[in-house]
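Visitor: attaching a predicted model along with its sequence, questions to come.
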Amino acid sequence: MVNVLLLDDHAVVRTGYRRLIDAEPDLRVVAEASTADEAYAHLQLGGIDVAVVDLSLRGASGVEAIRRLVARDPQLRVMVLSMHDSPGYVTQAMRAGALGYLSKSSEPGDMLDGIRAVARGRRVLAPDVARSLADASLDGDGLLNRLTPREFEVLRLAATGEATHRIASQMHLSPKTVLNHLSMVRQKLGADSDFKLLRLAVRHGLVDLTGEAAC
């Protein structure tokens with residue numbers, strides 16, 4: 001039996017996933033969480049094999065959540081199930097410790113097979129995600145790969161307009177550490193102004209300025 005933790009900040013989405021997973025004889029949802037802190041608390045109780053994680057969470061994103069969860073339990077397998085399929089998100093999620101990455105456009109059966117594969121230690125990428133990574137590699141568009149997962153998360157939050165103290169609180173860092181990360185991000189990306197950072201974030205799909213809500 002594979003015991004699964006669901007981390008998604010939409011209760012309706014978690015309910016749908018639970019119904020699909022619990023209908024399988026070899027899979028079982030044993031915990032649900034809407035925030036990284038809730039997921040971390042569940043993990044401390046033990047008994048979780050696979051975490052299915054969305055990247056669009058309230059506060060710090062799933063990338064930071066993955067890093068914290070895997071640091072707490074190196075044996076945990078993580079599969080991302082997200083609307084984000086840009087190479088930057090995929091690369092950073094895998095660097096943070098995810099073993100699988102599916103987009104929310106994947107078929108239900110692909111999610112179930114992905115959980116089983118990840119539980120066995122196999123890397124899983126949805127076809128559209130794999131294409132996105134391949135295209136970025138061929139185009140030489142791997143600028144965000146220079147960042148660590150934590151630097152990536154600081155950039156994402158800063159680009160959405162979060163104040164330094166809010167970023168520090170969400171990521172469990174000091175404001176000074178956040179500013180140091182932002183300084184390193186600017187250096188690595190060759191951006192000498194906040195405007196240039198924002199343009200880079202938009203170009204690489206970290207933020208959406210169209211006004212459409214992420215889910």
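Guide: Alright, I've got the coordinates.

Visitor: element containing residue 28?
Guide: strand 27-33 (DSSP states H and E).

Visitor: what strands line up against that strand, and which way round?
Guide: In the sheet, strand 27-33 lines up against strand 2-7 (parallel) (DSSP bridges).

Visitor: now the element after the strand it pairs with, going C-ward?
Guide: helix 11-22.

Visitor: now do that next one, average pLDDT.
Guide: For helix 11-22, mean pLDDT is 96.

Visitor: list of residues touching the strand holding residue 28?
Guide: Strand 27-33 is contacted from outside by 1-7, 14, 17-18, 21-22, 39, 41-42, 45, 47-48, 112, 115-116, using CB atoms under 8 Å, 6 or more residues apart in numbering. For glycine as for every other residue, the C-beta is placed from the backbone atoms N, C-alpha and C.

Visitor: swap in 6 Å and give it another go.
Guide: Defining contact as CB atoms under 6 Å, 6 or more residues apart in numbering, one finds that strand 27-33 is touched by 1-7, 14, 18, 21-22, 39, 42.

Visitor: which one of these has the most neighbours?
Guide: residue 7 (29 neighbours; other CB atoms under 10 Å).

Visitor: wait, isn't that residue in contact with residue 50?
Guide: No - using CB atoms under 6 Å, residue 7 makes no contact with residue 50, being 11.0 Å away.

Visitor: residues near residue 109, how many?
Guide: 9.

Visitor: could you list which residues are in contact with residue 204?
Guide: Counted by CB under 6 Å, 6+ apart, residue 204 has contacts 88, 144.

Visitor: ok, now how distant is it from residue 8?
Guide: 23 Å (CB to CB, to the nearest Å).

Visitor: hmm, back to that, mind putting the contacts of strand 27-33 into JSON lines with distance to residue 155?
Guide: Formatted as JSON lines, the contacts of strand 27-33 follow (distance: CB to CB, whole Å):
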{"residue": "1", "distance to residue 155": "39"}
{"residue": "2", "distance to residue 155": "34"}
{"residue": "3", "distance to residue 155": "34"}
{"residue": "4", "distance to residue 155": "30"}
{"residue": "5", "distance to residue 155": "27"}
{"residue": "6", "distance to residue 155": "27"}
{"residue": "7", "distance to residue 155": "22"}
{"residue": "14", "distance to residue 155": "28"}
{"residue": "18", "distance to residue 155": "33"}
{"residue": "21", "distance to residue 155": "33"}
{"residue": "22", "distance to residue 155": "37"}
{"residue": "39", "distance to residue 155": "23"}
{"residue": "42", "distance to residue 155": "28"}
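
Visitor: cool, thanks, signing off.
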